[in-house]
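*Asks:* got a predicted structure here, sequence first:
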Amino acid sequence: MILLDSGYLIALLVPRDALHERALRWSEAVQEELLLTEYVLWETVNYLSPLADRPKAHLLVDEIDGNPAFAFVHSSPELFQAGIALHRARADKAWSLTDCISFHIMKERGITKALAYDEHFQQAGFAALLRAEPG
């Protein structure tokens with residue numbers, strides 16, 4: 001299973017993104033089940049909210065909804081508390097709350113890879129696949 005991060009989703013959906021072509025190659029190469037959190041989806045939809053990109057946000061939500069290729073983790077008070085606890089514990093890092101929630105879920109589920117470019121994933125001990133070419 002591979003966790004999806006907003007940086008990957010944005011790169012995949014926005015052709016002007018510097019990592020767009022690499023994200024496309026990763027989307028074709030990955031065969032594993034994909035995990036997406038509601039928190040990452042919020043970040044992505046918020047980024048795509050300007051009028052020019054808004055339809056892409058809706059296409060993403062429609063693609064994920066009911067798609068068996070995606071495991072979707074909804075927000076919960078427990079996940080929020082776990083994320084805040086990690087955010088507090090790692091005051092030495094510039095990790096976002098969403099990243100902390102993702103890291104908690106990854107550790108809890110034994111996930112070691114993320115479709116992410118964010119170096120924070122590497123700092124937390126995970127593979128940030130988008131930092132390299134697939135294969």
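*Replies:* Yep, that arrived.
*Asks:* going by C-alpha atoms from here, please, whenever you check contacts or count neighbours.
*Replies:* OK.
*Asks:* where along the chain do the helices fall?
*Replies:* With DSSP state H as the definition, the chain shows helices at residue ranges 6-13, 20-29, 38-47, 54-64, 77-89, 97-109, 119-123.
*Asks:* worst-scoring helix or strand of the chain, pLDDT-wise?
*Replies:* helix 54-64 (a mean of 91; mean pLDDT, DSSP states H and E).
*Asks:* what residues of that one count as buried?
*Replies:* Residues 56-57 are the ones in helix 54-64 that count as buried (16 or more other C-alpha atoms under 10 Å).
*Asks:* which other helices and strands does that helix contact?
*Replies:* Under the contact criterion of 3 or more C-alpha pairs under 8 Å, 6 or more residues apart in numbering; DSSP states H and E, helix 54-64 touches helix 38-47.
*Asks:* just the buried residues of the helix it packs on, please?
*Replies:* 39-41, 43-45.
*Asks:* likewise stretch 22-40?
*Replies:* Buried residues in stretch 22-40, defined by neighbour count with 16+ other C-alpha under 10 Å: 22-24, 26, 34-37, 39-40.
*Asks:* with that, I have no additional questions.
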